[in-house]
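# Fold the following.
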Amino acid sequence: MKTYPLESITLDQARDFQFRMVDAITKTFTGTESLTRGDLGVVPGLNKPRTTLKAEQAIARFFDAEAAILVRGSGTGAIRYALFSTVKPGGKLLVHTAPIYSTTETSVRMLGLVPIAADFNDPKEIERVMQENPDIEAALVQYTRQVPEDCYDMKEVVDTIKRQKDIPIVTDDNYAVMKVERIGTQCGADLSCFSTFKLQGPEGIGCIVGKKKYIDALIREHYSGGSQTQGWEAMEVLRGLVNAPVALAIQAQVIESLLAKVQELPQVKDAFIANAQSKVLIVEFHEPVAEQVLARAEKLGALPNPVGAESKYEIAPMFYRVSGTFRKEDPTREQRMIRINPNRTGPDTIIEILKSALESEDVCF
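A predicted model of the protein is given here:
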C-alpha cells in the first residue's frame, strides 16, 4: 500500500524546538516562577490564574502566534471551542472527503454545523466545491492522515482555501505538534488545536493558538472559575512541551528503522509507515491473525491500547488495532492489520515482541 506519512523533524530540529521552548519560558517567567507549581483560581481582572496566562503567552511566542488559550476537554475540547468561535450554528464547514475523526464528528453535530466535503488531495476539487458553495463559513483541516491514501500538504490546502475566500481555517494538529516543522497557523491557518496530553502534559488540557480575535471571543465565553486551566496544570503543559520534541524525534527514527526489519518476517505481507493518527508502523499479515497477535503481544509487555496516544504514561511499545478512520474505510483491515507505536522503546525490543507473538502457538498461519 502506498502511504504518504508526514515528514518528521530531525533530532537536531527537535533539539532546537526544545531550546526555543525554554527560551520562550525564560522570556515570560522569572526564575522563581519557573520553580513553582503556579497559582489557583480566578485572578480579578484576568479571569484565570496568572500562571496560566503566562504559560499561554509563552506558548503563543513559541508558535509565532498572536495568542493562545489552554482549555479543558483535551484536543477534542480545543477543536470544539475553535469551531464555536469561528462558525455560527447551522453554518457550512468545509471538510475533507475522508471520514471525519469520531470526536470531531460529534462536535460538528453538537454545534449544528453543516459539513461540505471536498477532496483536500486535489486543489482543483477544493476550488470547485467552494465555488459551488459560496456561503461556506469556515474550514476544518486535519493535519495527520485521515485515510492511508491522503497526501495533501497543509500549506497548500490552506493557501488554496484562502485564495477562494478568506474564511477562518481551523486545523486539527493532534499527533503533528512537535513532530513537524510548522503547525497549521504557521502555514496560514487561523486557529490550531491540539491536546497537551499527547505532548507529555497533563490529562484533559487542550490548547488553541492563533488569531487573537477568535481567542478573545473564547476568553469572554470561558469565564467560569471551574473551567479554567489551573496554574499547576499550565506548568505541566510547559514542561511537556519542552520534553516532547526530542522524545518524538527519536520515536520517528525508531519507526523508520523498523520498516525493513518487519518486512523481512515471513508472516508479514506488507508493512508501511503511516500517520494513523500518530506516526506508526502498520503491519499487514498474510492471514487474518491480527486479534491473536495483539493478545499475545500484550502478554509479552506491549501496551494493548493508548492512554492518551503518546502520553507521559506510555513508555512500552503499543501494539493496537488500526485506527477507526482506517477501519471505517475498509472494515477488513481490522482482521489483517495492526499498528505499532514504539513510544519510548528501541527497535530490538519491538522486533523481539513481534516475532515471539507470531511464533506463538496461539497464532495460527
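# for the chain, what helix or strand is lowest in average pLDDT?
Sorting the helices and strands of the chain by mean pLDDT, DSSP states H and E puts helix 324-329 at the bottom, at a mean of 71.
# Helix or strand next in line after it, which one?
Once helix 324-329 ends, the next helix or strand along the chain (criterion: DSSP states H and E) is helix 333-336.
# What residues sit buried inside that following helix?
Across helix 333-336, burial judged by 16 or more other C-beta atoms under 10 Å covers Arg333, Glu334, Arg336. Where you see a C-beta, it was placed from the backbone N, CA and C, and this is true even at glycine.
# which residues of the protein fall in strands?
All strands of the chain, identified by DSSP state E, fall at 67-72, 92-96, 114-118, 136-142, 169-172, 191-195, 205-210, 268-275, 279-285, 318-321, 337-341.
# With mean neighbour count, mean pLDDT and distance to Ile25 added, can I get the ones you listed in a markdown table?
Output for those, formatted as a markdown table (neighbours: other C-beta atoms under 10 Å; pLDDT from 0 to 100; distance: least, C-beta to C-beta, whole Å):
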| stretch | mean neighbour count | mean pLDDT | distance to Ile25 |
| --- | --- | --- | --- |
| strand 67-72 | 22 | 97 | 13 |
| strand 92-96 | 22 | 97 | 35 |
| strand 114-118 | 17 | 97 | 38 |
| strand 136-142 | 24 | 97 | 29 |
| strand 169-172 | 27 | 98 | 24 |
| strand 191-195 | 29 | 98 | 18 |
| strand 205-210 | 28 | 98 | 15 |
| strand 268-275 | 19 | 90 | 29 |
| strand 279-285 | 23 | 93 | 27 |
| strand 318-321 | 23 | 95 | 30 |
| strand 337-341 | 24 | 95 | 28 |
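# Report all helices and strands that the longest helix anywhere in the chain contacts.
Ordering each helix of the chain by length in residues (DSSP state H) puts helix 231-263 first. Helix 231-263 sits against helix 11-26, helix 50-62, strand 67-72, strand 205-210, strand 268-275, strand 279-285, helix 347-358, with contacts defined as 3 or more C-beta pairs under 8 Å, 6 or more residues apart in numbering; DSSP states H and E.
# For that helix, give the mean pLDDT please.
Average pLDDT, helix 231-263: 96.
# Okay, now stretch 59-76: how far is its last residue from its first?
Using C-alpha to C-alpha, to the nearest Å, the end-to-end distance of stretch 59-76 comes to 19 Å.
# related to what we said a few turns ago, could the buried residues of helix 333-336 go into CSV alongside distance to Arg37 and pLDDT?
Listed next are those as CSV, based on distance: C-beta to C-beta, whole Å; pLDDT from 0 to 100:
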residue, distance to Arg37, pLDDT
Arg333, 44, 86
Glu334, 43, 88
Arg336, 48, 92
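# and which of those is nearest to Leu93?
Nearest to Leu93 among the buried residues of helix 333-336: Arg333, at 27.8 Å, using C-beta to C-beta.
# how near is that closest one to Leu258?
Applying C-beta to C-beta, to the nearest Å, the value for Arg333 to Leu258 is 19 Å.
# so where's this protein shaky on pLDDT?
Scanning the chain for pLDDT under 70 picks out 1, 276-277, 325-326, 363-365.
# Just want the most central residue of it.
Of all residues in the chain, the one closest to the mean position by C-alpha atoms, centre = their mean is Asn174, 1.4 Å from it.
# ok, that one touching Ser195?
Yes: counting by C-beta atoms under 8 Å, Asn174 does reach Ser195; the two are 5.6 Å apart.
# Just the buried positions in the longest helix of the chain, please.
231-249, 251-252, 254-255, 258, 261-262.
# Likewise for stretch 143-163?
143-148, 150, 152-154, 157-158, 160-161.
# ok, Leu199 to Lys312 distance?
9 Å.
# which one of those two has more residues nearby?
Between Leu199 and Lys312, counting by other C-beta atoms under 10 Å, Leu199 is the more crowded of the two (27 against 20).
# ok now do the residue lying closest to that one once chain neighbours are set aside, which residues does it touch?
Closest residue to Leu199 in three dimensions, ignoring its sequence neighbours and counting by C-beta to C-beta, 6 or more residues apart in numbering: Ala244, at 4.3 Å. Ala244 makes contact with Met178, Leu199, Gln200, according to C-beta atoms under 8 Å, 6 or more residues apart in numbering.
# and the last one, how many residues sit next to it?
In other words, Gln200. Neighbours around Gln200, by other C-beta under 10 Å: 24.
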